[in-house]
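Chemist: Predicted model, plus sequence, below.
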Amino acid sequence: MVSQIQYTKPQVLRMLVDVRDPEIPVLSIEEIGMLRDVVIDENGCEVIITPTYTACPAMAMIEKDIKQTLADQGIDVVKVTTVFAPAWSTDWMSEDTKEKLRAYGIAAPLHSTCDAAKDKSSIVECPQCFSTKTTLISQFGSTACKALYRCEKCLEPFDYFKCH
Ligand SMILES: [Zn+2]
């Protein structure tokens, strides 16, 4: 069988913009820093991803999404490889991405070395009113990746995307 590779890496990367983080649908897997690389050779297309949180149950769904999205574009030989090193860091998120997170109602991580949910002296800003008077309610928000906070000013609870 003669393989005919008729697509390029930039094209594949553009197609993958449609693959969203199921937990944060406003962000693509590239924006969140999950998409590490795309390798195209005579065997097909390999997509390399790093989980944003090792316990995230969404990985299987993301893998399926990647394959489906590329198959829809006529790329049907797709291998999805998950790599755990280097570990994903919130530093891989751009400022634009953090802003999108905030607009979605999730407090963006400050930087990778902090963990506000563990270090109670860290300041987490309310994504609604930008007040810094916030209280940690639970180490686990809607998913294990997030901690639940409440704003003391507008009294709204919100998710905080944990750094790690
Ligand atoms: Zn608030």
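Modeler: Nice, I can see it.
Chemist: I'd like to know how far Ser89 sits from Lys153.
Modeler: In this view, Ser89 and Lys153 are 30 Å apart by CB to CB, to the nearest Å. Where you see a C-beta, it was placed from the backbone N, CA and C, and this is true even at glycine.
Chemist: let me fix that: Trp88
Modeler: Noted for Trp88: a distance of 32 Å to Lys153, by CB to CB.
Chemist: Look at those two and report which has more neighbours.
Modeler: Taking neighbours as other CB atoms under 10 Å, Trp88 and Lys153 compare with Trp88 leading, 23 against 13.
Chemist: Now the more buried one: which helix or strand?
Modeler: Assigned by DSSP states H and E, Trp88 falls within no helix or strand.
Chemist: That one touches Met34, doesn't it?
Modeler: Yes - checked against CB atoms under 8 Å, the pair Trp88 and Met34 is within contact range at 6.9 Å.
Chemist: so does the helix or strand of the chain with the lowest mean pLDDT get close to the ion?
Modeler: Lowest on mean pLDDT, DSSP states H and E among the helices and strands of the chain sits strand 106-107, with a mean of 84. No - Strand 106-107 stays clear of the ion (CB under 5 Å from the ion), getting no nearer than 10.1 Å.
Chemist: Quick check: buried residues in whatever helix or strand comes next after that strand?
Modeler: Helices and strands here follow DSSP H and E; after strand 106-107, the next one along the chain is strand 134-138. Neighbour-count burial for strand 134-138 flags Thr134, Leu136 (criterion: 16 or more other CB atoms under 10 Å).
Chemist: strands paired with strand 134-138, and their directions?
Modeler: In the sheet, strand 134-138 lines up against strand 146-151 (antiparallel) (DSSP bridges).
Chemist: quick one: average pLDDT of the strand it pairs with?
Modeler: Averaged over strand 146-151, pLDDT sits at 88.
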